[in-house]
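Visitor: attaching a predicted model along with its sequence, questions to come.
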Amino acid sequence: MEQLFINILLTTLLLVSFGLLSSLFNAMILSPKRLRSKLEKQGVTGPPHSLLLGNLWEMMSTKFKSSKTPKQQQQVTSHNCAAIVFPYLVKWRNQYGPTFVFSLGNLQILHMNQPNALKELSTSTSLLFGRPSHHHHDAILGQGIIASSGHVWAHQRKILAPEFFMDKVKGMMKLMEESAFLVASALNEEIEKGGGVAELKIDDYTRSFAGDVILRACFGSNYAQGKQIFLKLRDLQAILAQVLLLQWIPGIRYLPTKSNMGMWRLEKEIQALILKVVKERKQAKSHPDKDLLQIIIESAERSDLGQDTNSFVVDNCKNIYFAGYETTAVSAAWTLMLLALYPEWQHKVRAEILQTCRGPLPDADMLRNMKTLTMVINESLRLYSPAVIVPREALGDMKFGGINIPKGVGVWITLVTLHQDPDLWGPDADKFIPERFANGISGACKVPYAYMPFGAGPHTCLGQHFAMMELKIFLTHMLSNFTFTLSPKYRHSPFMNLVVEPEFGIDLFVTRL
Ligand code: HEM
């Protein structure tokens with residue numbers, strides 16, 4: 001009897017081990033090979049890849065080499081971020097053309113920057129073309145709107161989208177102006193302390209502005225109260241950015257490495273901070289306006305998607321904090337860097353602001369009529385697009401951009417290379433020339449779809465009206481009160497920290513107008 005039991009146990013163990021080994025063999029070797037060969041048969045080539053690592057080794061070594069170029073590069077000689085942020089993609093694009101396949105570990109990624117794919121990305125409404133199911137942003141995004149696909153995504157989009165419609169955003173202008181006033185007061189204090197001129201890192205101030213706006217407009221609090229959440233999110237972002245490529249090595253994300261443990265700890269701390277905000281909100285007897293936080297809490301309680309209520313709330317709050325904070329903060333900082341570098345544009349934008357506003361605070365119509373300001377922001381978002389990739393995955397076999405894409409293949413449209421492609425933008429693609437937007441976005445590029453700082457299609461940025469309004473209000477306040485010049489301390493080093501950031505900050509001299 002005992003022997004029989006042992007035999008059954010051994011057979012079961014053997015079968016389970018065999019099952020596990022064959023699934024591993026399939027996931028690591030057979031499936032990547034099969035997907036690649038389906039693409040290769042259609043003429044899509046790419047860099048040769050190796051087992052388990054795919055092309056990670058080449059990516060890491062190219063990155064390492066490029067990060068060993070002198071850090072003292074003070075002068076801004078080119079605005080070509082792509083060569084700095086994604087040297088390997090630029091190399092492969094030159095070698096294989098805009099469509100090629102490469103591997104992140106055992107995942108196959110189709111790089112597609114050719115015009116017909118760009119058009120299709122904007123028009124395709126298929127739920128099969130979703131956000132990647134394999135990503136390493138769990139700690140930051142969880143299962144929130146940015147990380148989800150299909151019906152779960154559609155449900156979240158339906159809940160959140162109305163909060164960012166233009167009419168709602170117009171109603172938030174006053175809050176945005178209050179946040180800009182706070183930055184203006186802080187700059188005035190620094191100027192006074194400095195005896196008429198302040199030398200500072202402007203990105204510190206754009207972060208407090210963007211954080212304050214999100215917290216006031218969406219969560220009914222302010223930067224002083226919510227700062228801890230943003231600081232921890234930034235720490236999490238920094239760890240993730242450091243190990244991003246390594247995380248694609250199969251299995252590594254589950255090991256208790258120093259960085260993984262750091263991320264797990266921060267994830268828990270952020271969750272606790274958000275749940276505290278939620279608890280306080282629930283305990284508050286009434287809240288005058290139904291803001292985004294209230295909408296998320298109420299939807300979580302009503303949701304029938306089987307998601308845990310707390311996770312739904314925490315993940316979606318984290319998504320809004322992350323999506324709305326860093327992106328807008330760095331965009332505002334890069335724009336001020338460019339205006340400091342090109343004083344003639346700073347004068348032009350300021351003249352337009354002073355002429356349009358003539359004293360009162362700008363209203364939505366005035367902001368819309370500021371053509372030069374809009375051109376400058378568009379050009380800044382082209383050269384320093386905070387989001388570097390528009391990522392998708394074929395969640396079922398599908399056709400896209402003329403290629404039959406098998407289920408499981410990732411698709412990357414890379415904004416940094418797209419926005420600076422000389423074939424699309426001309427030989428001066430890496431130069432700051434806001435006039436290219438004089439006839440709007442459609443007149444700026446040979447292929448209008450090639451400009452997509454906010455992504456495209458059904459997953460396009462939910463907060464783009466919000467972000468543009470924020471940027472315009474912030475820059476209007478700054479330029480009508482201060483002048484900005486580049487400090488000799490500034491070291492130009494666009495740097496991939498999940499979004500494209502100035503690695504050493506942006507050092508500016510600020511004086512009162
Ligand atoms: C300059 C500022 C910003 C830039 C450049 C930016 C860019 C982007 C990009 C490229 C995407 C991906 C789109 C796609 O996959 O097609 C995205 C998604 C998203 N953004 Fe933004 N964003 C900005 C500001 C904001 C703000 C202020 C908010 C909210 C307050 C926001 C909320 C979102 C959300 C919720 C998504 C996910 C949409 C979905 O999957 O349905 N973004 N953003």
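Guide: Everything's here; your move.
Visitor: for the rest of this, base every contact and every neighbour count on C-alpha atoms.
Guide: Will do.
Visitor: and the residue of the stretch 101-250 of the chain found nearest the ligand, what does it touch?
Guide: In the stretch 101-250 of the chain, the residue that lies nearest the ligand is residue 146 (4.3 Å; Cα to the nearest ligand atom). Contact analysis of residue 146 by Cα atoms under 8 Å, 6 or more residues apart in numbering lists 131, 153, 319.
Visitor: so the second one is in which element?
Guide: It refers to residue 153. Here residue 153 sits within helix 150-160, counting by DSSP states H and E.
Visitor: which elements pack onto that helix?
Guide: helix 292-302 (3 or more Cα pairs under 8 Å, 6 or more residues apart in numbering; DSSP states H and E).
Visitor: 10 Å instead, please
Guide: Packing partners of helix 150-160 (3 or more Cα pairs under 10 Å, 6 or more residues apart in numbering; DSSP states H and E): strand 129-130, helix 292-302, helix 309-341.
Visitor: is the ligand within reach of the very next helix or strand once past it?
Guide: Later in the chain than helix 150-160, the nearest helix or strand by DSSP H and E is helix 166-170. No. Helix 166-170 stays clear of the ligand (Cα under 6 Å from any ligand atom), getting no nearer than 10.0 Å.
Visitor: name the residues that touch helix 166-170?
Guide: Residues from elsewhere that reach helix 166-170 (Cα atoms under 10 Å, 6 or more residues apart in numbering): 162-164, 172, 176, 217, 363-364, 463-467, 469-470.
Visitor: pull out the buried residues from those.
Guide: The neighbour count (16 or more other Cα atoms under 10 Å) marks 163, 164, 172, 176, 217, 463, 464, 465, 466, 467, 469, 470 as buried among these.
Visitor: lowest pLDDT pick from those?
Guide: Lowest pLDDT among the buried ones among the contacts of helix 166-170: residue 217, with 85.
Visitor: pretty sure that residue sits in a strand.
Guide: No. Secondary structure assignment places residue 217 outside any strand; it is helix (DSSP: H, G, I helix; E, B strand; the rest coil).
Visitor: surely it meets residue 177?
Guide: No. Using Cα atoms under 10 Å, residue 217 is not in contact with residue 177, being 11.3 Å away.
Visitor: where's residue 382, which helix or strand?
Guide: helix 371-383.
Visitor: list the buried residues for that helix?
Guide: For helix 371-383, using 16+ other Cα under 10 Å, the buried residues are 371-383.
Visitor: again with stretch 200-216
Guide: By neighbour count with 16+ other Cα under 10 Å, stretch 200-216 contains the buried residues 200-203, 205-216.
Visitor: now, which of those lie within helices?
Guide: 202-203, 205-216 (DSSP state H).
Visitor: pLDDT and distance to the ligand for these - can I get that in a markdown table?
Guide: Output for these, formatted as a markdown table (pLDDT from 0 to 100; distance: Cα to the nearest ligand atom, whole Å):
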| residue | pLDDT | distance to the ligand |
| --- | --- | --- |
| 202 | 98 | 16 |
| 203 | 97 | 14 |
| 205 | 97 | 16 |
| 206 | 97 | 12 |
| 207 | 95 | 12 |
| 208 | 93 | 14 |
| 209 | 96 | 12 |
| 210 | 95 | 8 |
| 211 | 93 | 10 |
| 212 | 93 | 11 |
| 213 | 94 | 9 |
| 214 | 91 | 6 |
| 215 | 89 | 10 |
| 216 | 87 | 11 |
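Visitor: now, among these, which is nearest to residue 502?
Guide: Taking Cα to Cα as the measure, residue 502 lies nearest residue 203 of these, at 8.5 Å.
Visitor: ok, that closest one touching residue 211?
Guide: No. The pair residue 203 / residue 211 is not scored as a contact, 11.9 Å apart, by Cα under 10 Å.
Visitor: re earlier: out of the buried ones among the contacts of helix 166-170, which sit inside strands?
Guide: Among the buried ones among the contacts of helix 166-170, no member is found in strands (DSSP state E).
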